[in-house]
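Undergrad: sequence first, predicted coordinates after that:
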2 protein chains.
Amino acid sequence: MSKKRDQIFKAIADPTRREIFHLLIMGSALSITQLSSHFDISRQGITKHVKLLEEAKMVNLEKEGRERICYAQAKALKEVKEWLSFYDVFWDDKLSALEDHLNKQA
Amino acid sequence: MSKKRDQIFKAIADPTRREIFHLLIMGSALSITQLSSHFDISRQGITKHVKLLEEAKMVNLEKEGRERICYAQAKALKEVKEWLSFYDVFWDDKLSALEDHLNKQA
DNA sequence: TATATTTGCAACCTAATAGTTGCATATAAT
DNA sequence: ATTATATGCAACTATTAGGTTGCAAATATA
């Protein structure tokens, strides 16, 4: 059903992918080879991670000459934000305290 | 270093685990067997999912007689919220528009 | 044109995941 | 005391994930 949601949760599950995303969004856009130079992983390994990020819409690929440039797309994280905001009310301080109390009694 | 972060991102990556968490936080706490009855997965399968959720501190287990009751711990999601909030500024409408524009020019 | 760079594709390996079943044990109910 | 219920543990299977290497093709540069 929620394929989009599944994809993004999967994308952010891997620390290397989170780091790739971070690099792209903090610095400038990078080609696959440039990206690879930041990691101890082969270019092909990075390509696979980028592909998952692309499927989750967290990265947009554009071909420039013989290179493929990776652009971060932060908007994709809205999906996660929405999921999270649903649970916000359960962790404010009052509710957390109550929760702890009830759990201890149970 | 960020083992805690890795654990929670891994925990929420699986749709069944997200559903387990949702059930627990919306309804009441449930035993392993009660939980299993909501899914087309064996009790042992659910036990494994619950174990991961416990390691990520999203679920707290308490033994009551012969049962083990699962309590949702929403606080654990703060970790995700913090990670997300770092990127908030990149997806507000103005920045997104700018981002799109720059991407088209690049 | 010849050479160097960037990439994609495919095959492969290994470890981790998601799931199963069978059996033993602890606790509760008759 | 016997039976039923809830669980844990261990072994097993199948699929996916993360990673590798080798090679061919496209594009730039000398």
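TA: Right, received. Where do you want to start?

Undergrad: going by C-alpha atoms from here, please, whenever you check contacts or count neighbours.
TA: Noted.

Undergrad: tell me where the model's unsure across chain A.
TA: Along chain A, the model assigns pLDDT under 70 to residues A:1, A:92-106.

Undergrad: the helices in it, which residues?
TA: In chain A, the segments counted as helices under DSSP state H are A:3-11, A:15-26, A:32-36, A:43-55, A:78-85, A:93-105.

Undergrad: the first one close to chain B?
TA: Yes - contact of helix A:3-11 with chain B (C-alpha under 8 Å from any C-alpha of the partner chain) involves A:6, A:9-10.

Undergrad: and that helix, which residues are buried?
TA: Neighbour-count burial for helix A:3-11 flags A:5, A:7-11 (criterion: 16 or more other C-alpha atoms under 10 Å in any protein chain shown).

Undergrad: between the helices of chain A, which gets nearest to DNA strand D?
TA: helix A:43-55 (3.6 Å; C-alpha to the nearest atom of the strand).

Undergrad: buried set for stretch A:66-86?
TA: By neighbour count on 16+ other C-alpha under 10 Å, the buried set for stretch A:66-86 is A:69-77, A:80, A:84.

Undergrad: which of these fall within strands?
TA: A:69-72 (DSSP state E).

Undergrad: ok, and of those, which contact DNA strand C?
TA: Among those, the residues that sit close to DNA strand C (C-alpha under 7 Å from any atom of the strand) are A:Ile69.

Undergrad: any idea which of the ones in strands among the buried residues of stretch A:66-86 is closest to DNA strand D?
TA: A:Ile69 (12.2 Å).

Undergrad: quick check: the closest one vs A:Asn60, distance?
TA: Distance of A:Ile69 to A:Asn60, computed by C-alpha to C-alpha, to the nearest Å: 8 Å.

Undergrad: circling back: may I see the residues of helix A:3-11 next to chain B arranged in TSV, with distance to B:Ser31 as well?
TA: As requested, the residues of helix A:3-11 next to chain B are exported to TSV (distance: C-alpha to C-alpha, whole Å):
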residue	distance to B:Ser31
A:Asp6	26
A:Phe9	26
A:Lys10	28
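
Undergrad: give me the distance between A:Ala29 and A:Ser37.
TA: Distance from A:Ala29 to A:Ser37, by C-alpha to C-alpha: 14 Å.

Undergrad: what about those two, which has more around it?
TA: More neighbours surround A:Ala29 than the other of A:Ala29 and A:Ser37, with 20 against 12 (other C-alpha atoms under 10 Å in any protein chain shown).

Undergrad: near chain B, which residues of chain A?
TA: Counting by C-alpha under 8 Å from any C-alpha, the residues of chain A close to chain B are A:6, A:9-10, A:12-15, A:71, A:74-75, A:77-78, A:81, A:84, A:87-88, A:90-91, A:96, A:103.

Undergrad: give me that answer again for 7 Å
TA: A:6, A:9-10, A:12-13, A:15, A:74-75, A:87, A:90-91 (C-alpha under 7 Å from any C-alpha of the partner chain).

Undergrad: among those residues, which two are most distant?
TA: A:Pro15 and A:Phe90 (26.7 Å; C-alpha to C-alpha).

Undergrad: which one of the residues of chain A next to chain B is nearest to A:Ile41?
TA: Taking the residues of chain A next to chain B together and measuring to A:Ile41 by C-alpha to C-alpha, the closest member is A:Pro15, at 12.9 Å.
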